[in-house]
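Engineer: Fold the following for me, if possible:
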Amino acid sequence: MSFDIKWLASEVDVHGRVARILVAQTAGSVPREVGTSMIVSGDGQSGTIGGGALEFSAVENARELLELDPPPRPKIDRHPLGPNLGQCCGGAVTLITEIFDRESVDRIRESEEFPGFYARPIHEGNGEIPREIERFVKTFRDSGRKQPHSALMSGWALEAVSDPTHQLWIFGAGHVGRAVVSVLSPIPELDIHWIDTGDERYPEDIPASVTKLIAKNPAKLAPHAPLRSEHLVMTYSHSMDLEICSELLARRVARIGLIGSKTKWARFRSRLVERGHDERDVDAIRCPIGNPELGKHPQAIAIGVASDILNRIMPEPGPST
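Structural biologist: This next block holds a predicted model:
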């Protein structure tokens, strides 16, 4: 998990001021891992830290902090997950709750002290960045890992600021396309572009992290796709799917997935080869997508697709602190 500044900024744009709750430390059996976060506004919330009663209590606390003016310093709370919360996990969770507005979001984006990281003191008086934080950042940069877990040390909190590392283009806003977007849009490592032929094809509420593209002929967008991008082709038209696959092959993008049966794929394979595409490139297209053993329900396909993508793009987890 990492500090998703794009998500935070979109929530600030809507609500003006929000509270972000971070799982900063854990011990024993707990609902969510270190680095998990959620965002709370005066009348809503986005994301989840899990735990039922834990989350309910944390949200109430966050809304109390939102009412204070000026905004308070980050607040740190340790919650044993026992009878007092009506839970039997047996572990403990340390939460940090912080208030953000447009000014504070811009400050994080413009900070040059630790590029790619958000470091801040949790306790008053901790004005100088401790060497422990500096060593922690250097260790992860030297290791070549994309992101460390969040860390809480010497009265400071540290998180890697997420920067989407993987472009995913989804062609088609039907049932499967909607399910895939619903599952994958919260993943900060993904930069999702969602393409279809008309505005009426999309649901009313599209996640802020998703870029909607409308094209009467979606295949014409293929030449503009980044070379390292991944594509899922699942429109309402087989002929449109074929044209998109052909244009993506010509563009030589990194990966292509096509929804459909073995019969559809056999027909597509033959036609793509007839169009002059190299057989090895054509055979690299994944069809069907997802995990066929999970079934054909849109959510089942989405889960299979998400599992495949996440297994490939997610960074190695850092050590628990």
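Engineer: I'd say V34 and S2 touch.
Structural biologist: No. If you go by CB atoms under 8 Å, V34 and S2 don't touch, sitting 11.3 Å apart. Placement of C-beta: from N, CA and C, glycine included.
Engineer: Contact partners for the closest residue to S209 other than its chain neighbours?
Structural biologist: For S209, the nearest residue in space outside its immediate sequence neighbours is S185; the separation is 5.4 Å by CB to CB, 6 or more residues apart in numbering. For S185, the contacting residues are I192, P207, S209, V210, by CB atoms under 8 Å, 6 or more residues apart in numbering.
Engineer: Distance check, S185 against R275.
Structural biologist: In this structure, S185 and R275 are 33 Å apart, going by CB to CB, to the nearest Å.
Engineer: Give me the three-state assignment for L68.
Structural biologist: Following DSSP: H, G, I helix; E, B strand; the rest coil, L68 is assigned to coil.
Engineer: Show the buried residues in the contacts of S185.
Structural biologist: By neighbour count, with 16 or more other CB atoms under 10 Å, the contacts of S185 hold I192, S209, V210 as buried.
Engineer: Who does the last one form a beta bridge with?
Structural biologist: This points to V210. For V210, the beta-bridge assignment (DSSP bridges) gives partners I192.
Engineer: Between the two ends of stretch 64-78, how far is it?
Structural biologist: Terminal residues of stretch 64-78 are spaced 17 Å apart (CA to CA, to the nearest Å).
Engineer: Tell me which residues are up against that stretch.
Structural biologist: When contacts are taken as CB under 8 Å, 6+ apart, the neighbours of stretch 64-78 outside the stretch itself are 17-19, 24-25, 40-42, 58, 61, 92-99, 101, 120, 122-124, 157.
Engineer: just to revisit the earlier point, now tabulate the buried ones among the contacts of S185 in a markdown table and tack on distance to H166.
Structural biologist: As requested, the buried ones among the contacts of S185 are arranged in a markdown table below (distance: CB to CB, whole Å):
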| residue | distance to H166 |
| --- | --- |
| I192 | 9 |
| S209 | 13 |
| V210 | 14 |
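Engineer: Report how many residues lie close to E134.
Structural biologist: Using other CB atoms under 10 Å as the criterion, E134 is surrounded by 12 other residues.
Engineer: Could you check which helix or strand contains it?
Structural biologist: Applying DSSP states H and E as the criterion places E134 in helix 131-143.
Engineer: who are the neighbours in contact with the residue nearest to the spatial centre of the chain?
Structural biologist: To find the centre residue of the chain, average its C-alpha atoms and take the closest one (CA atoms, centre = their mean): that gives I187, at 1.3 Å. Taking CB under 8 Å, 6+ apart as the contact definition, I187 lies against L310.
Engineer: A strand includes it, no?
Structural biologist: No. With the criterion set as three-state DSSP, the secondary structure at I187 is coil rather than a strand.
Engineer: per-residue confidence at it?
Structural biologist: Here, the pLDDT recorded for I187 equals 85.
Engineer: same question, G318
Structural biologist: In this prediction, G318 carries a pLDDT score of 47.
Engineer: Around the nearest residue to G260 once chain neighbours are set aside, how many other residues sit close by?
Structural biologist: Across the structure, with CB to CB, 6+ apart as the measure, the residue nearest G260 apart from its sequence neighbours is C287 (5.4 Å). Counted with other CB under 10 Å, residues neighbouring C287 total 19.
Engineer: Backbone dihedrals for C287, please?
Structural biologist: When read as degrees, to the nearest 10, the backbone of C287 gives phi -150, psi 120.
Engineer: Spit out the contact partners of it.
Structural biologist: In this structure, C287 makes contact with G257, L258, I259, G260, K264, W265, F268, judged by CB under 8 Å, 6+ apart.
Engineer: looking just at contacts, which helices and strands does the longest helix seen in the chain meet?
Structural biologist: Determined from DSSP state H, the single longest helix within the chain is helix 298-313. Where contact means 3 or more CB pairs under 8 Å, 6 or more residues apart in numbering; DSSP states H and E, helix 298-313 is packed against strand 166-171, helix 175-184.
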